[in-house]
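Colleague: Need the 3D shape of this:
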Amino acid sequence: MFAEPSKRLLQFLNGLLLAAHLPYLLLFLYVFPQSDDYFFAYHLQHTGIFSFVQEMYLTWTGRYLSMFLGVLQSYFITMPEVYSISLAFLFLVFFGSIFYFVKTLLASHQSASFVLFTSLSVSFVQLQISPDLMELLYWFPSASAYLLSMSLSWVLLAMMIKLYRQPYFSWKLSIGIAVGGWAMPALLEMNIPMLLAWSISPLVLMRKLTQKQKRNLWITFIWILLSSILVIMAPGNALRMKVEATTHEGVNFIVTNSKAILSLGVYVFQKPALLMLGLLFLLHLNPQFLKNSPLFKRSPWLILGASILLLWFALLPVTYSLQIMPSGRIFNMMAFWFLLLVMINLLVFKAHFARYFPEIKSKSAVQLTFIIPVFLTLWMSFSAFGISNPRNFFNGTSTHSLNFGNNSSEALYVLLFEAKATQKQWNQYQERLEKAKGSDTLWFDALPSGSRLLLLRDAEVYRGKWFQSLESKYYQIDSLYLKPTSNVR
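Modeller: Have a look, this model is predicted:
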């Protein structure tokens, strides 16, 4: 399927890509619970797991699985090591799901080293194009919904490839699709439009399906539809939408949705990491492999148009419910879908225009066409100038939307210069909360703004104000008061 470089070169490139992941991985040593973690912990103390999930389903959200995971993990809120391990485990699941998808897609056509190389490449690109790493990787309530959704997406897509290749349901495949199709809507309701589209698209796009294949695909679609209805019909969704609608009245959600898709596209395509995947796919993918799939026989312009419409309609329910341009965590999920659709469109493009891409037969040329994209991508990812916050950039609400550096350079900078100090300050804050447990009030100095990769909230909004934080509720402190003299940057 792909022209491979030498095994030694692949091992070297795998080592480079693994090293490029290290700043992200080492930051798991410095994460800590905050905000909603204490909300879950408080309800674990006073309500119980299943009563809390039921209450949230009836009064706030249909994401009953993510609510369950959040309150279950809060059992270990006083054990920071477990918090770090939990988030690191979610990331390992994410990478493992990519590896499983790539291995399934390539079947037995490529070596294990090449499968690892492709998986590391896709993982690195995802980390680069995600606008809000804090909520993607380093905060459990968000990671358990969004990062886990991405992981299940890769696994479910791999299983659907297997389902297409074999005309019957094996028991492993049946269980996997049943669990994935149930869990994804229950983790995150914004998964539903894309998930339904994925399950119905083979029936629409692929010709010459056997009766067994059609039956299997219809069973998959109906199961996902029923799981989605269970989430959508939650009474809490209507109550939450009512609250959001009164906060942002008079917003044209059609224009806002289109603006969000445009800003996401500009943000993703200015990231140099996509260059690596694009060059590798276009230069080395064997079109004969692609021609075996009916999907890749479709017009590339049809697939491109369908991809844009699919992204637009997938985001529309979120924009409609929020009535504003979505936040970073939602852009994280949209960036994931964007990456997936870019990969599909590259495959379709190569299959359709294969005659314009002559096969590279020279071993030296093959080596160079792997080395140059990887080195260029890594260099630009750790040094390039680009948009850091697509929402703020297009709204014109922040002077920090453009900066020197990308996610990799920021993660490395935080690891070297901010992580230990931020964690130390947060630990001191937690010690004061523990000592003041049961008190009427607690005065404290504001935390420095620190790194946006590790601190979730901006303490500036609490300058000189009384406020009832989620932490104070957990520690049974009536009110926290931020000293007016606090030096908040």
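
Colleague: can I see the domain layout of this protein?
Modeller: Using automatic domain parsing, the domain ranges for the chain come out as 7-412, 425-482.

Colleague: Looking at these, which is nearest to E418?
Modeller: Closest to E418 of these, according to C-beta to C-beta: domain 425-482, at 4.4 Å. Where C-beta positions appear, they are placed from N, C-alpha and C, glycine not excepted.

Colleague: ranges for the strands of the stretch 151-300 of the chain?
Modeller: Counting by DSSP state E, counting those that start in this stretch, the stretch 151-300 of the chain has no strands at all.

Colleague: Low-confidence stretches in it?
Modeller: Scanning the stretch 151-300 of the chain for pLDDT under 70 picks out the ranges 166-169, 205-208, 241-251, 281-297.

Colleague: Helices of that one, residue ranges please.
Modeller: Assigned by DSSP state H, counting those that start in this stretch, the stretch 151-300 of the chain shows helices spanning 171-187, 192-205, 211-232, 235-247, 253-269, 273-284, 287-290, 300-322.

Colleague: cool, the stretch 1-150 of the chain as well?
Modeller: Counting by DSSP H, counting those that start in this stretch, the segments of the stretch 1-150 of the chain that form helices are 7-26, 36-46, 49-59, 64-73, 80-106, 112-129, 133-137, 140-165.

Colleague: got those helices as CSV, with mean neighbour count and distance to T377 columns?
Modeller: Listed next are the helices of the stretch 1-150 of the chain as CSV, based on neighbours: other C-beta atoms under 10 Å; distance: least, C-beta to C-beta, whole Å:
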stretch, mean neighbour count, distance to T377
helix 7-26, 16, 9
helix 36-46, 20, 35
helix 49-59, 16, 42
helix 64-73, 22, 33
helix 80-106, 18, 17
helix 112-129, 22, 8
helix 133-137, 24, 18
helix 140-165, 22, 21
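
Colleague: what does the helix or strand hosting L378 rub up against?
Modeller: Assigned by DSSP states H and E, L378 belongs to helix 363-381. Applying C-beta atoms under 8 Å, 6 or more residues apart in numbering, the external contacts of helix 363-381 come out as 3-6, 9-10, 13, 16-17, 20, 121, 124, 128, 271-273, 275-276, 279-280, 283-284, 360, 406-409.

Colleague: picking up where we left off before, of all the domains of the chain, which gets the most neighbours per residue?
Modeller: Highest mean neighbour count of the domains of the chain: domain 7-412, a mean of 18 (counted as mean count of other C-beta atoms under 10 Å).

Colleague: Could you list the low-pLDDT ranges of the stretch 1-150 of the chain?
Modeller: Looking at the stretch 1-150 of the chain by pLDDT under 70, you get 1-3, 108-109.

Colleague: quick one on the thing from earlier: out of the helices of the stretch 151-300 of the chain, which gets nearest to F68?
Modeller: Smallest distance to F68 across the helices of the stretch 151-300 of the chain (C-beta to C-beta): 8.6 Å, for helix 171-187.

Colleague: okay, the angle between the closest one and helix 64-73?
Modeller: Computed by axes from the mean of the first three to the mean of the last three C-alpha atoms, to 10 degrees, the angle separating helix 171-187 from helix 64-73 equals 80 degrees.

Colleague: what does helix 171-187 contact?
Modeller: By C-beta under 8 Å, 6+ apart, helix 171-187 touches 62-66, 144-145, 148-149, 152-153, 155-156, 159-160, 162-163, 166, 191-192, 195, 199, 220, 223-224, 227-228, 230-231.

Colleague: ok and that helix relative to helix 140-165, angle-wise?
Modeller: 140 degrees.

Colleague: Only C-alpha atoms, please: export helix 171-187 in CSV.
Modeller: Taking Å, rounded to 0.1, in the frame of the first residue of the first chain, the C-alpha atoms of helix 171-187 are listed here in CSV:
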residue,chain,number,x,y,z
TRP,A,171,-19.0,-11.9,18.5
LYS,A,172,-16.0,-9.6,19.1
LEU,A,173,-17.2,-7.2,16.4
SER,A,174,-20.7,-7.3,17.6
ILE,A,175,-19.7,-6.4,21.2
GLY,A,176,-17.3,-3.7,20.0
ILE,A,177,-19.8,-1.9,17.8
ALA,A,178,-22.6,-2.3,20.4
VAL,A,179,-20.4,-0.7,23.1
GLY,A,180,-19.0,2.0,20.9
GLY,A,181,-22.3,2.9,19.4
TRP,A,182,-23.8,3.2,22.9
ALA,A,183,-20.9,4.9,24.6
MET,A,184,-20.2,7.7,22.2
PRO,A,185,-23.6,9.5,22.4
ALA,A,186,-23.6,8.9,26.2
LEU,A,187,-20.2,10.6,26.5
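
Colleague: Tell me who's in contact with the closest residue to F353 other than its chain neighbours.
Modeller: Spatial nearest neighbour of F353, excluding adjacent residues (C-beta to C-beta, 6 or more residues apart in numbering): P300 at 7.6 Å. P300 makes contact with N345, V348, F349, H352, F353, according to C-beta under 8 Å, 6+ apart.

Colleague: And the helix or strand harbouring the second one, what does it pack against?
Modeller: Counting by DSSP H and E, the secondary-structure element that holds V348 is helix 328-352. Of the remaining helices and strands, those touching helix 328-352 by 3 or more C-beta pairs under 8 Å, 6 or more residues apart in numbering; DSSP states H and E are helix 112-129, helix 133-137, helix 140-165, helix 253-269, helix 273-284, helix 287-290, helix 300-322, helix 390-395.

Colleague: Packing partners of the third one?
Modeller: The helices and strands touching helix 140-165, judged by 3+ C-beta pairs under 8 Å, 6+ apart, are helix 36-46, helix 64-73, helix 80-106, helix 133-137, helix 171-187, helix 192-205, helix 211-232, helix 328-352.

Colleague: ok, now with 7 Å
Modeller: Counting contacts by 3 or more C-beta pairs under 7 Å, 6 or more residues apart in numbering; DSSP states H and E, helix 140-165 packs against helix 36-46, helix 64-73, helix 80-106, helix 133-137, helix 171-187, helix 328-352.

Colleague: With distance to W426 as added columns, please give those helices in a markdown table.
Modeller: Shown next, in a markdown table, are these (distance: least, C-beta to C-beta, whole Å):
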| stretch | distance to W426 |
| --- | --- |
| helix 36-46 | 12 |
| helix 64-73 | 18 |
| helix 80-106 | 9 |
| helix 133-137 | 14 |
| helix 171-187 | 27 |
| helix 328-352 | 21 |
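
Colleague: Of these, give the one that comes closest to V266.
Modeller: When the helices and strands packed on helix 140-165 are compared by C-beta to C-beta, helix 328-352 sits nearest V266, at 11.2 Å.

Colleague: Farthest from the middle of this structure: give me that residue.
Modeller: Note on the chain: the largest C-alpha distance from the chain mean falls to D440, namely 40.0 Å (C-alpha atoms, centre = their mean).
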